[in-house]
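Q: sequence and predicted structure, then a few things I'm wondering about:
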Amino acid sequence: MGLYEQRKSTLYNDLEVGLTSHSIDGTDIILAEILRDVNKGFYIDIGANHPIKHSNTYYLYKLGWKGIVIDGNDVFKDIFKEIRPNDQFITALISSTVKEINFKIFPDDTMSSANPEQIAIYEKRFQKSEIISINGKTTTLSNIRKEQFIDTEVHLLSVDIEGEDLNCLIGSNFENWKPGVVVIEIKHLSLHNIKTSDIVNFLTGHGYSLISKTPLNAIFIFPEKDYLSWIPKSLFKK
């Protein structure tokens, strides 16, 4: 076989090589690249939903990472124990304060929400008989941290809780700790006008820089982390 034929044959080997994303828009692959200098890191996944489908953290789990996964829908607890036994699943509703709320679980459970404005939008898509309504009490990310991981470096915080995302950050007490990377759902965010986003303003106000954006998610980094030092400083917020 000549040199040309040898190189041509390797193209077919490349078909078997690649990264399998489990999250929407390939977010997990982007996160793995940003956090490439972290070996078997630790994540907090709020609004985790299913352990594999649409997960921002399952790809990292397969690389040896572990962490705390949180969801208000307890139906996912057993399947997490089976598929991701190294993670700790917590059934909880996260907000800015501790308060009584009504949590709605929709037939599309990725829409489940405790945010009244988001609930009002989603309720129009389903019959009332299809919606599960649960009265419960929220907690804060700061409280979870005190109880579960106060002395642990959090390399990644993933937040997707349908309208309560900003409230999750407000209740995080970021003045006292800083996850290395924050990935958070921000719908309808334009890169041409990012300062209109309260989430962007909150995180940049706490020293984070917006480094990547997919159609659904925004990814922020805290530049002072040693394991993010490979990222060019020119990408950081001035």
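A: Sure, I can see it. As the structure is a prediction and not an experimental result, all values here were calculated from the model.
Q: please compute how far the strand or helix carrying residue 169 lies from its chain's middle.
A: For residue 169, the host element (DSSP states H and E) is helix 165-170. How far helix 165-170 lies from its chain's middle: 13 Å, per CA atoms, centre = their mean, to the nearest Å.
Q: now do stretch 189-198
A: 19 Å.
Q: in it, which residues are buried?
A: Within stretch 189-198, the residues scored as buried using 16 or more other CB atoms under 10 Å are 189, 194, 197. Placement of C-beta: from N, CA and C, glycine included.
Q: and the helix holding residue 169, what does it pack onto?
A: Packing partners of helix 165-170 (3 or more CB pairs under 8 Å, 6 or more residues apart in numbering; DSSP states H and E): strand 156-159, strand 181-185, helix 198-205.
Q: buried residues of the second one, list them for me.
A: This means strand 181-185. 181-185.
Q: which of those lies closest to residue 175?
A: Among the buried residues of strand 181-185, residue 182 lies closest to residue 175 (CB to CB), at 14.9 Å.
Q: which pLDDT value goes with the spatially most central residue of the chain?
A: Centroid check for the chain by CA atoms, centre = their mean gives residue 158 as the closest residue, at 2.2 Å. At residue 158, the pLDDT value in this model is 97.
Q: list the contacts of residue 185.
A: Under the criterion of CB atoms under 8 Å, 6 or more residues apart in numbering, the neighbours of residue 185 are 159-160, 162, 165, 216-218.
Q: can you tell me which of the residues you listed is closest to residue 231?
A: Distances from residue 231 to the contacts of residue 185, taken by CB to CB, are shortest for residue 218, at 15.9 Å.
Q: how far away is that closest one from residue 44?
A: Taking CB to CB, to the nearest Å as the measure, residue 218 falls 17 Å from residue 44.
Q: what about those two, which has more around it?
A: Neighbours were counted for residue 218 and for residue 44 using other CB atoms under 10 Å; residue 44 has more, 26 against 22.
Q: pretty sure the more buried one is touching residue 160, no?
A: No - proximity of residue 44 to residue 160 does not meet the contact threshold set by CB atoms under 8 Å, at 12.0 Å.
Q: identify the bridge partners of residue 137.
A: Taking DSSP bridges as the rule, residue 137 bridges to residue 100.
Q: hmm, back to that, can you list the contacts of residue 185 in TSV and add distance to residue 25?
A: Output for the contacts of residue 185, formatted as TSV (distance: CB to CB, whole Å):
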residue	distance to residue 25
159	16
160	12
162	17
165	16
216	6
217	7
218	11
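Q: quickly check those residues for the two that are furthest apart.
A: 162 and 218, at 15.6 Å, using CB to CB across the contacts of residue 185.
Q: spatially nearest residue to residue 225, not counting backbone neighbours?
A: Excluding the flanking residues, the one nearest residue 225 by CB to CB, 6 or more residues apart in numbering is residue 180, at 4.3 Å.
Q: count the residues that sit near that neighbour.
A: Neighbour tally, residue 180, other CB under 10 Å: 25.
Q: give the contact list for residue 149.
A: Neighbour list for residue 149: 42, 44, 68 [criterion: CB under 8 Å, 6+ apart].
Q: can we see that at 6 Å?
A: If a contact means CB atoms under 6 Å, 6 or more residues apart in numbering, then residue 149 has no contacts.
Q: quick check, pLDDT for it.
A: If you check residue 149, the pLDDT there is 94.
Q: nice, that's everything, thank you.
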